[in-house]
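>>> One predicted model, sequence on top.
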Amino acid sequence: MPKNAFYAQSGGVTAVINATACGVLETAKQYPDKIGKVYAGRNGIIGALTEDLIDTSQESAEAIAALRYTPSGAFGSCRFKLKGLEQNKAEYERLIEVFKAHDIGYFFYNGGGDSQDTSYKVSQLGDTLGYPITCIGIPKTVDNDLPITDTCPGFGSVAKYVAVSIREASFDVLSMAKTSTKVFIMEVMGRHAGWIAAAGGLAAEKESDGPHIIIFPEVIFDPEKFLAKVDFCVKKYGYCSIIVSEGAKNQDGKFISEAGTRDAFGHVQLGGVAPVIANIVKDKFGYKYHWAVADYLQRAARHIASKTDVEQAYAVGKAAVEFAVAGKTAVMPVIVRKSSQPYQWEIGSANLADVANVEKKMPREFISEDGFGITPACREYLQPLIAGEDYPPYKNGLPDYVELKNVAVPKKLATTFEVKK
């Protein structure tokens, strides 16, 4: 009998993570002699620890296909990081208990850097606790900060949303700048890496276009230099359009805005940096301003997803299954750029040991000399990633997304497990 598989989604969800799930599920069906059922973890790895599994075989082929154009995490995601074996052996023993009970021999974990760390730890169960399991990490993060892969599924669509939004907002502000708002600030995600903020720079195709200023996490924020640039833009163009990354830092290396709490991964919970920047402008010039925080809107915007991103998201899910049935383990499918003009890419692989907990930041050569914009090299890298449209079907004027039944797999264990954050 072929072993069953476990698939789960982890971390912040994206507009295309379900396209990856679609790739995994549709491809697994092509190997009935290698893979039995595919069980999804309800709310990520927590579903495995609590034996809360979803039987994906209860969904119709049409529903699975509809995942390709449905945003967010269809099975629920989580922010939960497995501790080291020496720190919490009970978590690993519980995983083995659940995997044995449900005859699971494949583990597919779809997430970012912390999630790939979890994938790597699970891949070592055979060596450390005597339960061999084929483990494939699948890349996903809007932050675009995983190493080795040219880009991360989820990023291209958020990049497209940000570039479109700042272009449209800039048109709005310009039209009213004579008698109303002169400064607009849009806050985007990006704790340590400014890839999303940089994507907004694609909207500025000529000097007068917004955004006029991009504030990156990689460049220390200098208030005087910033205010001089704002003053220049308002006087020359009539207005100033700004993108600021949530991870912008001051001269002490601290986040400009912190909420004072931490998430389940131990990351500082960031507050709104946009109003902080807005007040700096107001205190200096007294200009009327508006600010906006893209927040979940940017990562949930499947209605304007990048076609490139959708195709790559599906491809890494498909490749993950193909890697597994070919006998590969402890690896992650990656996107390899063959050419930028014309844009060509293929799927490669990376060892999870080289991916886990490694963060890829914006290279300095992608940031303009003054630190407030992107370079031609950055534009060449980013442009193909937002290319193409892949609209979902619409019904009654709204996107017609799928909601799965998510039928629970009957529990087989008498014991329960309490997940500690």
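Nice, thanks for sending it over. Numbering: from 1, shown residues only.

>>> Quickly find the element holding V244.
strand 240-245 (DSSP states H and E).

>>> Just to check, D231 is in contact with Y287?
No. Between D231 and Y287 there is no contact, the gap being 9.6 Å when judged by CB atoms under 8 Å. Backbone N, C-alpha and C define where each C-beta goes, glycine included.

>>> residues in contact with the residue lying closest to S119 once chain neighbours are set aside?
Using CB to CB, 6 or more residues apart in numbering and skipping the chain neighbours, the partner closest in space to S119 is G137 (3.5 Å). Residues in contact with G137, defined by CB atoms under 8 Å, 6 or more residues apart in numbering, are Y109, G111, S115, Q116, S119, Y120, V331, M332, L352, V355.

>>> let's go with 10 Å and repeat that
10, 107-112, 115-120, 122-123, 146, 316, 320, 330-333, 350-352, 355-356 (CB atoms under 10 Å, 6 or more residues apart in numbering).

>>> so what pLDDT did it get?
At G137, the pLDDT value in this model is 97.

>>> The longest helix seen in the chain: what's the following helix or strand?
Criterion DSSP state H: the longest helix present in the chain is helix 155-176. Using DSSP H and E, the helix or strand that follows helix 155-176 towards the C-terminus is strand 183-188.

>>> Within the sheet, what are the partner strands of that following strand, with directions?
strand 240-245 (parallel), strand 289-293 (parallel) (DSSP bridges).

>>> Out of these, which gets nearest to R191?
R191 sits nearest to strand 240-245 of all these, at 8.2 Å, using CB to CB.

>>> I'd like to check the angle between the closest one and helix 155-176, please.
150 degrees (axes from the mean of the first three to the mean of the last three CA atoms, to 10 degrees).

>>> just how off-centre is strand 240-245 within its chain?
21 Å (CA atoms, centre = their mean, to the nearest Å).

>>> Could you check the angle the helix or strand following it makes with strand 240-245?
Following strand 240-245 in sequence order, the next helix or strand is helix 274-285 (DSSP H and E). Here helix 274-285 runs at an angle of 140 degrees relative to strand 240-245 (the same axes, to 10 degrees).

>>> buried residues in helix 274-285?
By 16 or more other CB atoms under 10 Å, the buried positions in helix 274-285 come out as A274, P275, V276, I277, A278, I280, V281, F285.

>>> got JSON lines for those residues, with distance to F184 too?
Putting the buried residues of helix 274-285 into JSON lines (distance: CB to CB, whole Å) gives the following:
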{"residue": "A274", "distance to F184": "10"}
{"residue": "P275", "distance to F184": "13"}
{"residue": "V276", "distance to F184": "15"}
{"residue": "I277", "distance to F184": "11"}
{"residue": "A278", "distance to F184": "9"}
{"residue": "I280", "distance to F184": "14"}
{"residue": "V281", "distance to F184": "10"}
{"residue": "F285", "distance to F184": "14"}
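
>>> out of those residues, who's nearest G154?
A274 (22.3 Å).

>>> Tell me the confidence at the closest one?
95.

>>> For it, list the residues it contacts.
Neighbours of A274 in contact, by CB under 10 Å, 6+ apart: 184-188, 215, 242-244, 246, 248, 257, 289-294.

>>> can you pull the buried residues of the one helix or strand in the chain whose mean pLDDT sits lowest?
Least confident helix or strand, the chain: helix 125-129 with a mean of 86, by mean pLDDT, DSSP states H and E. The neighbour-count check on helix 125-129 (16+ other CB under 10 Å) flags L125 as buried.

>>> cool, stretch 320-339 as well?
320-325, 328-335.

>>> and if you look at stretch 166-173?
Of the residues in stretch 166-173, those buried (16+ other CB under 10 Å) are I166, R167, A169, S170, D172, V173.

>>> Looks like R299 contacts I17 (just checking).
Yes. Using CB atoms under 10 Å, R299 is in contact with I17, at 9.4 Å.

>>> Tell me which of the two has more neighbours.
Using other CB atoms under 10 Å as the criterion, R299 and I17 rank with I17 on top: 32 against 26.

>>> List the contacts of that one.
Contacts of I17 by CB under 10 Å, 6+ apart are 9-11, 67, 70-75, 77, 110-111, 138, 140-142, 153-154, 299, 313, 317.
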